[in-house]
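Asks: need coordinates for the following:
(one chain, ligands or ions: 2)
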Amino acid sequence: MPIARPSAAVALEGFELRVVQIPLVSPFTTSFGTEHVREAIIVRALGDGVAGWGEIVTGSAPLYSSEYTQSAWDVAVRHLIPRLLAEPALRGDDVADVLRPVVGHRMAKAGLELAVLDAALRAEGRTFGEYLGAVRDRVPSGVSVGIQQDPAALVRTVRGYLDEGYVRIKIKIRPGRDVADTAAVREAFGAIPLQVDANSAYTLADADLLAELDRFDLLLIEQPLQEDDIVDHATLAARLRTPVCLDESVVSAKAAADALALGAASVINIKAGRVGGYREAVAVHDLCRDAGVPVWCGGMLETGIGRAANAALAALPGFTLPGDVSAASRFYARDIVTEPAVLEDGHVRVPTGPGLGVEIDPVALEDVTVAREILRRGA
Ligand code: SMG
Ligand code: MG
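Replies: Ligands and ions are numbered 1, 2, ... in the order given. Next comes the predicted model:
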């Protein structure tokens with residue numbers, strides 16, 4: 001079900017970029033490091049009487065993927081924004097095609113696409129969910145739990161999230177913090193929906209160890225091997241009973257199709273930033289749906305802007321597993337939108353206002369902004 005009706009065109013006058021740094025309510029530890037502050041780039045597309053918001057989900061260092069704040073900022077300023085401003089008027093639907101000559105830099109492209117789409121849809125009075133093809137007004141909410149001090153601390157942390165109502169738990173694992181951590185959560189909470197995410201921390205030589213996780217009846221193991229290890233993932237998947245889900249490896253609809261054809265994954269995590277935009281994310285959704293492959297919506301610790309977009313995306317019909325679409329309070333004491341996402345009965349609502357359906361809290365945004373630049377047409 002490809003996007004049925006394109007967005008209106010916007011006569012773009014410029015873009016505003018901001019680097020924001022938002023403190024996390026608690027440190028977030030993955031196999032590649034610990035974050036205390038979320039750094040991201042907030043985009044504002046400035047049109048003729050309209051404006052739209054987007055978010056570039058890069059972090060401060062190239063650890064999850066090769067992109068990071070300064071690479072995204074540089075490519076946006078020097079290459080991507082000039083291409084967009086060279087168009088007299090632009091539909092959100094055309095952003096990906098205009099930016100296609102630039103290789104890679106998918107998160108940067110996705111954030112710019114989102115800002116243009118938001119501007120166009122606000123002008124039309126249409127919601128982002130309608131535009132994408134959402135079929136639900138709320139989505140089940142899973143939570144991603146970082147590596148804790150020890151398994152006992154992990155159990156305490158997970159208990160807190162279960163008490164809040166999260167319907168699925170994902171725990172981060174790394175070598176040395178895998179089987180015992182997973183066992184502790186299984187033993188403490190019984191048959192809860194549980195999955196693990198390795199963020200590329202293993203190699204095929206760890207296959208026997210990873211097979212020990214089979215006994216925990218996990219929903220899936222996410223990205224055990226490196227981004228480029230598609231063939232190794234296929235070899236591993238054949239040795240595990242736990243379904244293999246790919247995150248980092250799926251950088252496009254083509255990459256998703258290839259991974260499925262090779263048997264490298266039986267579940268796909270969809271993140272718009274990682275695949276270069278929301279339209280490409282819908283393409284991944286569509287091909288998985290046609291192939292009968294379950295998908296779920298990943299998260300990049302988004303602010304209220306990207307979080308609203310993810311809720312809309314996760315409301316598409318092929319998203320049959322709960323996503324990492326949590327309440328804003330999972331990460332932030334203070335979001336940059338006036339109505340941060342909240343957990344209601346284990347679900348997050350898909351916003352219903354025009355465009356992304358969230359309004360920016362200008363004071364909160366200003367307070368977390370550490371760099372700002374405006375690029376205008378013809379300047
Ligand atoms: O937004 O809830 C969230 C975070 C979910 O674990 C999460 N994301 O590999 O899936 C993943 C990680 C990547 C984030 S590290 C910047
Ligand atoms: Mg992941």
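
Asks: count the neighbours of the nearest residue to Arg377 once chain neighbours are set aside for me.
Replies: Nearest non-adjacent residue to Arg377, counting by C-beta to C-beta, 6 or more residues apart in numbering: Leu85, 4.6 Å away. C-beta here means a position set from N, CA and C on the backbone, and glycine is covered the same way. A count of neighbours around Leu85, defined by other C-beta atoms under 10 Å, yields 18.

Asks: now Ala180
Replies: Using other C-beta under 10 Å, Ala180 has 12 other residues around it.

Asks: same deal with Ala253?
Replies: For Ala253, the neighbour count with other C-beta under 10 Å is 20.

Asks: how about the residues of the stretch 51-200 of the chain by ligand 2?
Replies: Asp197 (C-beta under 5 Å from the ion).

Asks: what sits against Arg126?
Replies: By C-beta atoms under 8 Å, 6 or more residues apart in numbering, the residues touching Arg126 are 7, 354-355.

Asks: Gly47 reaches Ala8, doesn't it?
Replies: No. With contact defined as C-beta atoms under 8 Å, Gly47 does not reach Ala8; the gap is 10.0 Å.

Asks: when the two are compared, which one has more neighbours?
Replies: The residue with more neighbours, out of Gly47 and Ala8, is Gly47; 21 against 17, by other C-beta under 10 Å.

Asks: mind listing what the more buried one touches?
Replies: Each residue near Gly47 by C-beta under 8 Å, 6+ apart is listed here: 10-13, 119, 123.

Asks: which ones among these lie within strands?
Replies: Among the contacts of Gly47, the ones falling in strands (DSSP state E) are 10, 12-13.

Asks: highest neighbour count among those residues?
Replies: Counting by other C-beta under 10 Å, top hit in these: Val10 with 29 neighbours.

Asks: okay, it: pLDDT?
Replies: Listed pLDDT for Val10 reads 95.

Asks: for the closest residue to Val98 other than its chain neighbours, grab the count of nearby residues.
Replies: Spatial nearest neighbour of Val98, chain neighbours left out: Arg83 (5.5 Å); criterion: C-beta to C-beta, 6+ apart. Neighbouring residues of Arg83 were enumerated by other C-beta under 10 Å; the total is 16.

Asks: mind checking the pLDDT average for the helix or strand Arg83 falls within?
Replies: Arg83 is part of helix 81-85 when elements are defined by DSSP states H and E. For helix 81-85, mean pLDDT is 98.

Asks: list the contacts of that helix.
Replies: The contact list for helix 81-85 (C-beta under 8 Å, 6+ apart) reads 12, 14-15, 90, 95, 98-99, 101-102, 112, 116, 375-378.

Asks: for the residues you listed, which one is nearest ligand 1?
Replies: Leu112 (19.5 Å; C-beta to the nearest ligand atom).

Asks: the closest one and His79 touch, don't they?
Replies: No. Leu112 is beyond contact range of His79, at 10.8 Å (criterion: C-beta under 8 Å).

Asks: have a look at those two and say which one is more surrounded.
Replies: Leu112 (30 against 14).

Asks: whatever helix or strand that one lives in vs ligand 1: in contact?
Replies: For Leu112, the element it lies in under DSSP H and E is helix 106-124. No. Residues of helix 106-124 are not located near ligand 1 by C-beta under 6 Å from any ligand atom, the shortest gap being 10.6 Å.

Asks: thank you, goodbye.
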